[in-house]
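Q: Structure here, sequence nowhere to be found:
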């Protein structure tokens with residue numbers, strides 16, 4: 001015993017204390033054998049049994065184990081692989097709410113925000129007194145840099161259940177529910193490597209227009225997603241590395257409901273976060289005396305390897321309509337590489353006058369001497385393959401109206417999408433696309449911002465009036481919905497790339513699809529148990545090309561060029577010959593003498609141009625035989641013009657839109 005305490009305590013109890021001890025009884029307290037009753041109880045082998053440890057781990061919100069390794073240890077490089085910190089985090093259930101401003105400040109406090117510019121960009125306009133002051137503080141700065149040296153860290157994260165809520169000032173945006181998260185995070189020499197898997201995931205639309213389709217993304221299966229992500233910490237302006245960020249994804253069967261409004265709102269939320277983070281990083285750099293530049297920069301190179309089995313995409317007519325187009329993509333694979341415009345394997349066409357002998361060094365980001373018109377753009381070339389693709393219509397219903405015997409329905413937690421009518425395609429098809437994205441869009445636009453080239457072969461598509469109306473309505477009210485409130489924030493661009501300032505018109509989107517043996521059949525009605533299929537006309541695109549281009553001045557052009565085209569009047573199909581109203585079935589065929597003279601003649605060219613103030617259409621028929629059966633041509637015209645952009649929406653939503661417009665005035 002220490003000298004400050006007596007070796008034994010033997011105090012005689014007084015008669016008054018004995019009387020109080022007999023009259024006052026303390027409440028009974030559960031005791032455990034083998035554990036002293038003096039507080040606090042000391043744990044023994046029984047209290048630390050494996051059963052109690054598992055019970056504690058299940059009840060705990062988070063368990064964190066950290067191991068710090070001294071870099072001066074002899075086994076630091078061999079045994080520990082130069083890792084300073086090993087962290088193991090195990091979450092039981094975590095609910096998180098994200099507000100943009102709070103998240104940006106929190107990440108900056110934790111050192112995960114936007115980093116200031118490198119020291120080489122220090123302002124050169126410092127006075128001599130400032131230079132002397134900085135040289136006097138050189139020793140202390142070196143000591144701080146040594147102490148602030150980044151430590152290599154490995155983090156293992158396991159989360160049983162994660163709920164992530166994206167919050168806006170006026171309303172909640174989205175909520176992601178994820179379970180079974182296992183992630184290994186490695187921070188080594190400024191580089192970030194992430195590898196892990198997700199058990200299940202669901203993305204909910206909480207916006208005011210998301211009540212019809214609440215679940216926007218749903219996974220199926222035990223393991224929904226396996227991912228590998230690597231990101232370099234230092235910039236690479238000279239393109240010495242193959243990529244800046246690489247992503248490897250392996251997804252199981254997923255269902256995605258696409259509405260243009262929700263997608264644009266999510267993108268605006270993410271872009272607002274990047275803008276705030278970049279703004280805070282620039283403020284930090286300016287406060288440190290560094291020069292903040294607003295020059296246009298090249299977009300990051302994201303190397304992707306994505307594979308998904310049986311993804312299903314639902315594209316509703318609008319965010320308020322219960323009618324939807326369902327695309328079963330079969331199996332999808334996506335891979336990309338980075339090439340310069342004009343290299344073998346690229347589809348983007350350089351503007352006239354560009355010299356192909358320019359070296360790649362001229363396209364690197366020494367923007368002080370580069371000319372946007374002679375700049376060779378770097379392209380992100382993506383190859384997309386869709387196997388066994390199928391299209392059909394669906395109808396959104398409640399669980400109470402769902403027939404459990406329907407095996408083709410897609411069941412979501414809050415809605416059920418039942419199949420409506422026959423499929424649009426007679427057989428599943430294969431679609432291969434090559435998509436090129438201009439990474440130097442803020443520097444030069446000598447090539448289109450996005451170029452798409454693909455081949456669609458051996459496809460027979462049959463659509464009736466209701467299917468045609470839904471497709472047209474989907475293009476107008478969903479994919480083509482104009483949302484001024486969610487327009488992307490303009491980044492710094494070269495003045496010559498801005499049409500308003502320079503008057504130059506650039507191509508925003510260029511798409512070319514080759515149609516090989518593609519048949520389009522217009523139907524009055526599909527065949528049912530009560531009636532026979534009522535066909536109208538059948539058009540065979542044996543060898544054709546469809547082109548679409550949009551420009552920076554809000555103009556668009558559509559071209560359909562056919563080298564082998566046939567059209568048939570199919571109104572008499574399946575009827576007795578005596579009831580035929582037209583005996584000339586081939587109403588559009590190539591001339592026979594032209595087929596002998598040329599192997600690849602031009603038969604038809606349809607050109608459509610749309611400007612903000614007018615539209616224009618031109619039809620060219622060359623070396624073709626046209627049967628002027630007026631009733632079939634008028635019937636085809638009535639089919640195409642039967643669409644009404646407002647009548648395809650439910651009537652109650654039309655009145656809601658009118659009331660909203662009136663309240664604004």
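A: Cool, got the structure. This structure is a prediction, so every number in the text was calculated from the model and none was measured. Residues are numbered from 1 along each chain as shown.
Q: Show me where the stretch 101-250 of the chain has its helices.
A: Counting by DSSP state H, counting those that start in this stretch, the segments of the stretch 101-250 of the chain that form helices are 128-136, 138-147.
Q: Output the contacting helices and strands for whichever helix in the chain runs longest.
A: With residue count as the measure and DSSP state H as the assignment, the chain has helix 260-287 as its longest helix. Contact partners of helix 260-287 among helices and strands, from 3 or more CB pairs under 8 Å, 6 or more residues apart in numbering; DSSP states H and E: helix 100-109, strand 172-188. All C-beta atoms are positioned from the backbone trio N, CA, C, and that covers glycine.
Q: redo that, cut-off 6 Å
A: Applying 3 or more CB pairs under 6 Å, 6 or more residues apart in numbering; DSSP states H and E, one finds that helix 260-287 contacts helix 100-109.
Q: tell me the angle the helix or strand hosting residue 469 makes with helix 260-287.
A: Element membership of residue 469 [criterion: DSSP states H and E] is helix 465-474. For the pair helix 465-474 and helix 260-287, the angle between their directions (axes from the mean of the first three to the mean of the last three CA atoms, to 10 degrees) equals 20 degrees.
Q: What pLDDT is listed against residue 495?
A: At residue 495 the predicted local confidence, pLDDT, stands at 60.
Q: which residue sits closest to residue 221 in space, ignoring its chain neighbours?
A: Take residue 221 and drop its neighbours on the chain: the residue closest to it by CB to CB, 6 or more residues apart in numbering is residue 252, 4.0 Å away.
Q: where does that neighbour land on pLDDT?
A: 82.
Q: Thought residue 224 was touching it, still the case?
A: Yes: between residue 252 and residue 224 there is a contact at 5.5 Å, judged by CB atoms under 6 Å.
Q: In the stretch 351-500 of the chain, mark out all the strands, start to finish.
A: Assigned strands in the stretch 351-500 of the chain, in chain order: 378-397, 410-411, 416-420, 429-438, 450-463 (criterion: DSSP state E, counting those that start in this stretch).
Q: mind showing which ranges of the stretch 1-150 of the chain have poor pLDDT?
A: Across the stretch 1-150 of the chain, the stretches falling below the confidence threshold (pLDDT under 70) are 1-59, 110-150.
Q: do that again at 80, thanks
A: When the per-residue scores of the stretch 1-150 of the chain are filtered using pLDDT under 80, the ranges that remain are 1-61, 73, 75-81, 107-150.
Q: rewinding a little: would you list the phi and psi of the residue nearest to residue 221?
A: Dihedral angles of residue 252 (phi, psi; degrees, to the nearest 10) stand at phi -90, psi -160.
Q: now residue 81
A: The phi and psi values for residue 81, taken as degrees, to the nearest 10, are phi 50, psi 40.
Q: And the contacts of the helix holding residue 469?
A: Residues from elsewhere that reach helix 465-474 (CB atoms under 6 Å, 6 or more residues apart in numbering): 315, 317, 323, 325, 643, 648.
Q: Just give me the neighbour total for the first one.
A: Using other CB atoms under 10 Å as the criterion, residue 315 is surrounded by 20 other residues.
Q: Run me through the strand neighbours of the strand or helix carrying it, direction for each.
A: Taking DSSP H and E as the definition, one finds residue 315 inside strand 312-316. Here the strand partners of strand 312-316, with direction, are listed using DSSP bridges: strand 254-257 (parallel), strand 323-328 (antiparallel).
Q: And the shortest one, what's buried?
A: I take that to be strand 254-257. Taking 16 or more other CB atoms under 10 Å as the neighbour-count basis, strand 254-257 is seen to contain the buried residues 254-257.
Q: can you put those in TSV and add distance to residue 61?
A: What follows is the buried residues of strand 254-257, written out as TSV (distance: CB to CB, whole Å):
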residue	distance to residue 61
254	30
255	32
256	32
257	33
